[in-house]
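>>> How does the following fold in three dimensions:
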Amino acid sequence: MRKSLDPTTDGWLCGLAGVLIFSGSLPATRVAVLGLAPLFVTGARAAIAGVLAVLLLAVFRAARPGRKEIGSLVIVALGVVVGFPLLTAFALRHVSSAHAIVFVGLLPLATAIFGVLRGGERPQAAFWIFSAIGSAAVVAFALGRGGEASPVGDALMLGAIVVCGLGYAEGARLTRHLGGWQVICWALVISLPVMAPLAWWTQPASFAAVDAAAWWGLAYVTLFSMLIGFVFWYRGLALGGIAGVGQLQLLQPFFGFVLAAVVLHEAVPPAMIGVTAVVIACVAGARRFGRAAPVAVTRA
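You can find the predicted model right below:
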């Protein structure tokens, strides 16, 4: 009989699955906002995912969150359901998805910092060294690929990283006793009364004028980026440690580049191989020195 995985390994595998799913988020958002208004994309992705969340919670008869959990769910909703999607949607009107990767390289650090502030984690000093080196490597590689800076776009992306890091850490903390899929579902439900009217008021005057690529982009960020990815991601952060597992986000840009090479037959820069090796080493170091004690998730 096969032994079950220990919580920490399970957490890192779930986190890796979440990162793989999130790798397509920025490109899909970029495609969506080229044909649809950023406010509509933000409202529609959350509203549709919110309806699906209501159905999931009803089918599985999920327990309602307590009063103390509502405040944390509001923080999650403001961070990952409203804040990050809205700010990145507007930012990607000013910068390319490739340029936005510069800021994605800072997300692991933001997540780790909020993991300390909100999750009570205390990684070793060596963890911060590996985290900083990994983030610098990603940012340097992304900048080396070119792309013009935009003060407005850069400010929006920086704000998106801050609120996303907070939403990740708060959701992971809440997952420890509420459950991963329940956290994102309840956050979506809380957001629904605001996001559904937003989607309705900002819908395009004519749906026929919107090309298929924009709809496919919206479909991806709705189903995968807004719902499925978080089921894996929050469980991973809760079991493996917010600071440690959060470093897996350093690999997200490279998954995107590999995807572009396989699907779009784009050339893979030779420098990417070396930088990826550095990032993998940093993630391994962060896993060792940022390891949290195993935490039981009390609800499936």
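>>> Tell me how many other residues surround Leu13.
Look at Leu13: counted by other Cβ atoms under 10 Å, it has 17 neighbours. The C-beta positions use only the backbone N, C-alpha and C, and glycine is treated the same way.
>>> Okay, and it sits in which element?
helix 7-22 (DSSP states H and E).
>>> For whichever helix or strand comes after that helix, list the C-alpha coordinates in PDB.
Where DSSP H and E defines the elements, the next helix or strand beyond helix 7-22 is helix 25-35. Taking C-alpha atoms only, helix 25-35 is exported to PDB below (Å, rounded to 0.1, in the frame of the first residue of the first chain):
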ATOM      1  CA  SER A  25      -2.900  34.600 -16.100                       C
ATOM      2  CA  LEU A  26      -1.100  37.700 -17.400                       C
ATOM      3  CA  PRO A  27      -1.000  36.700 -21.000                       C
ATOM      4  CA  ALA A  28      -4.700  35.800 -20.900                       C
ATOM      5  CA  THR A  29      -5.500  39.100 -19.200                       C
ATOM      6  CA  ARG A  30      -3.500  40.900 -21.800                       C
ATOM      7  CA  VAL A  31      -5.500  39.200 -24.600                       C
ATOM      8  CA  ALA A  32      -8.800  39.900 -22.900                       C
ATOM      9  CA  VAL A  33      -8.200  43.600 -22.300                       C
ATOM     10  CA  LEU A  34      -7.200  44.200 -25.900                       C
ATOM     11  CA  GLY A  35     -10.800  43.500 -26.800                       C
END
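>>> Past helix 25-35, which element shows up next along the chain?
Per DSSP H and E, helix 25-35 leads on to helix 38-59 as the next helix or strand towards the C-terminus.
>>> Helix or strand next in line after that following helix, which one?
Sequence order places helix 67-76 as the next helix or strand after helix 38-59, per DSSP H and E.
>>> Now do the contacts for Gly159.
Gly159 makes contact with 83, 87 under the criterion Cβ atoms under 8 Å, 6 or more residues apart in numbering.
>>> Same question for the helix holding Leu13: list its buried residues.
The neighbour-count criterion (16 or more other Cβ atoms under 10 Å) identifies 7-8, 10-22 as the buried residues of helix 7-22.
>>> so where's the stretch 101-250 of the chain shaky on pLDDT?
Applying pLDDT under 70 to the stretch 101-250 of the chain flags the ranges 142-143, 145-149.
>>> What segments of it are helices?
Residue ranges of the helices in the stretch 101-250 of the chain, as given by DSSP state H, counting those that start in this stretch, are 107-119, 125-144, 151-178, 180-201, 212-220, 229-240, 242-246.
>>> need these in JSON lines with distance to Leu39, can you?
Listed next are the helices of the stretch 101-250 of the chain as JSON lines, based on distance: least, Cβ to Cβ, whole Å:
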{"stretch": "helix 107-119", "distance to Leu39": "23"}
{"stretch": "helix 125-144", "distance to Leu39": "27"}
{"stretch": "helix 151-178", "distance to Leu39": "13"}
{"stretch": "helix 180-201", "distance to Leu39": "6"}
{"stretch": "helix 212-220", "distance to Leu39": "13"}
{"stretch": "helix 229-240", "distance to Leu39": "22"}
{"stretch": "helix 242-246", "distance to Leu39": "29"}
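>>> Could you say which one of those helices comes nearest to Gly66?
Proximity to Gly66 (Cβ to Cβ) singles out helix 151-178 among these, at 9.0 Å.
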